[in-house]
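**Student:** A structural model of the following input is requested.
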Amino acid sequence: MPASSHVDPNVGSIADYAHQLRFGDLPADVVHQCRRTVVDSLGCALGAMDSQPARIARDVAMRVSVPSGARVMGTGHRTLPELAAFANGVMVRYLDSNDAYPGGGGHPSDTLPAILAVADANGADGQTVVTAIALAYEVYYALWAATSLRDKGMDNVFYTTVAGAVGAAKVLGLDRTRIAETVCLSVVPNVSLDATRYGNMSMWKGCAGGNGARNGVFAALLAAAGMTGPEKAFAGDHGLEALTGRFTLQPFAGGKGPFRINQATLKCFASEGHSLSPITTALELSRQVAADDIQSVTVYTYHFAWDVIGREPEKWRPTTRESADHSMPYVVAAALIDGRFGDEVFSDERLQDPRIRKLMDKIAVKEDPELTRRVTEGQLPCRIEIVTTSGERKTASTDYPRGHYKNPMSDGEIESKFRGYAERRMPAARIAPALAALWKIDAAKNVSGLFEAVKCDG
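**Tutor:** Got it, this is the predicted structure:
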């Protein structure tokens, strides 16, 4: 047995859990949450299909044709699984509408394209896929909780790579030794920089998760073919701990504790996760005061949200969609003006909207230490205070935006979100059958029906 499964205790912990987990270990609510996540994620993918980054990613993936490969979502084209994972990952992630872990944990559903690509190429059944999804969320959450990479200048798509790799290894049916190698091969080459998410953001902001999925698939395929990885991926002076400090992964779900997929936020708005409460609060205030009557707006938030979407000068003049959906002043201004929120606010025309720009100049974003403290309790707190031109003060707050696991979206709301995105690419008559297929993912003999369900014309 390769040394990596013995020498590095965190690698061994992941490999043990991944190898032992079975579909029968998953409670009914976890299986259903996996279904909900599949519906939500594939809806996001359909909504993003016409974006330029998604077109670029599809074009690159479709340069290669592999009859026994994995399908590029929305098409019937089969390519290498790692290329399909990248293209599909870009589509799932690009709108910034797929799920997130509250508090800066990133987007665990970015692992689904890795799992589905390997499942498609290998004929895996639905129970295997659902088990791999639940597993990937466990690994993702454990890594985030132990390392907090974004506090150290690294991007959380690292978790996508490792968790997606482990999920792919589960689909491939690898033994414990090969799963351990998969972990090592996914960790060591794939530490990403958080420069992706600061300044005037490029297309890459919405593509990094897809790249993480691609790298995860590649690691699993290498391990399946017999490749070995460095024996100490995490531990010691030259492993990840050299960057993060010593850490021990928390116990994974099973006989004790909740499965972590149930703690992800399914987004009610297509915007950065820490903007959900500010948008919700701004919409409440939009019903109390007209945008033209606003003299000043102060958004009180917690440190992470302030740092990521409310601090840099670029947040007050975003020039790309990627920058705008990571701008607290932009999304708050748009919500106050429109009284509603949809991703059309990120169009090129709206980015130049003089009303939004004028209102942004009246917005201040401030960290409130008390709100920062409450994040550790699982909240996503926000308070907004508006002073009107007549001197009147209006205040509103949100702790748990819709979609947070303590304020969850209903199945009907998830379906409605799917329909809104699917209508951009699919005939209306095909949407209900598509939903029916996705809701039955755990009963499927393979994922062919899933890919056929979301196949688009043109």
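
**Student:** Pull out the buried positions in stretch 46-61.
**Tutor:** Residues of stretch 46-61 classed as buried: 46-49, 51, 53-54, 57-58, 61 (neighbour count, 16 or more other CB atoms under 10 Å). In this view, the C-beta of every residue, glycine as well, is placed from N, C-alpha and C.

**Student:** Tell me which helix or strand in this protein has the weakest average pLDDT.
**Tutor:** Within the chain, judged by mean pLDDT, DSSP states H and E, the helix or strand with the poorest mean is helix 4-7; its value is a mean of 52.

**Student:** what's the following helix or strand after it?
**Tutor:** Proceeding N to C from helix 4-7, the next assigned helix or strand is helix 9-20, under DSSP states H and E.

**Student:** elements contacting that next one?
**Tutor:** helix 4-7, helix 126-147, helix 157-172, helix 176-187 (3 or more CB pairs under 8 Å, 6 or more residues apart in numbering; DSSP states H and E).

**Student:** Name the residues of it that are buried.
**Tutor:** 10-15, 17-19.

**Student:** what sits against the spatially most central residue of the chain?
**Tutor:** Nearest residue to the geometric centre of the chain (CA atoms, centre = their mean): His107, 2.3 Å. By CB atoms under 8 Å, 6 or more residues apart in numbering, the contact set of His107 is 93, 98-101, 156, 160, 209.

**Student:** let's see it at 6 Å
**Tutor:** Neighbouring residues of His107 by CB atoms under 6 Å, 6 or more residues apart in numbering: 98, 100, 209.

**Student:** how far away is it from Ser323?
**Tutor:** His107 is 18 Å from Ser323, where distance means CB to CB, to the nearest Å.

**Student:** Same check on Arg197?
**Tutor:** 10 Å.

**Student:** more neighbours, the two?
**Tutor:** Ser323 (23 against 19; other CB atoms under 10 Å).

**Student:** tell me the phi and psi of the more buried one?
**Tutor:** phi -70, psi -40 (degrees, to the nearest 10).

**Student:** Next, the contact list for it, please.
**Tutor:** By CB under 6 Å, 6+ apart, the contact set of Ser323 is 200-201.

**Student:** gap between it and Leu283?
**Tutor:** Distance from Ser323 to Leu283, by CB to CB: 22 Å.

**Student:** just Asp325 next, same as before
**Tutor:** 16 Å.

**Student:** my guess is Val72 contacts Ala87, does it?
**Tutor:** Yes: counting by CB atoms under 6 Å, Val72 does reach Ala87; the two are 5.0 Å apart.

**Student:** any shared contact partners between the two?
**Tutor:** What both Val72 and Ala87 touch, as defined by CB under 6 Å, 6+ apart, is the set 58, 61.

**Student:** The two: which is more packed in?
**Tutor:** Ranked by neighbour count (other CB under 10 Å), Val72 and Ala87 place Ala87 first, with 33 against 24.

**Student:** Hmm, the more buried one is touching Met73, no?
**Tutor:** No: assessed by CB under 6 Å, Ala87 is found out of contact with Met73, at 7.2 Å.

**Student:** can you give me the end-to-end distance of stretch 427-445?
**Tutor:** This stretch, stretch 427-445, spans 26 Å end to end (CA to CA, to the nearest Å).

**Student:** Just the mean pLDDT for that stretch, thanks.
**Tutor:** For stretch 427-445, mean pLDDT rounds to 97.

**Student:** List the contacts of that stretch.
**Tutor:** Here stretch 427-445 has contacts from 31, 35, 38-39, 125-127, 130, 415, 419, 422, 449, 453-454, using CB under 6 Å, 6+ apart.

**Student:** thinking again about what came up before, biggest separation within the buried residues of stretch 46-61, which pair?
**Tutor:** By the measure CB to CB, Gly47 and Ala61 form the most distant pair in the buried residues of stretch 46-61, at 18.7 Å.

**Student:** where do the helices sit along the stretch 251-400 of the chain?
**Tutor:** Ranges of helices within the stretch 251-400 of the chain are 276-286, 303-309, 321-324, 328-338, 348-351, 354-360, 369-375, based on DSSP state H, counting those that start in this stretch.

**Student:** Run through the neighbouring helices and strands of the second one.
**Tutor:** Packed against helix 303-309, as judged by 3 or more CB pairs under 6 Å, 6 or more residues apart in numbering; DSSP states H and E, are the following elements: strand 363-367.
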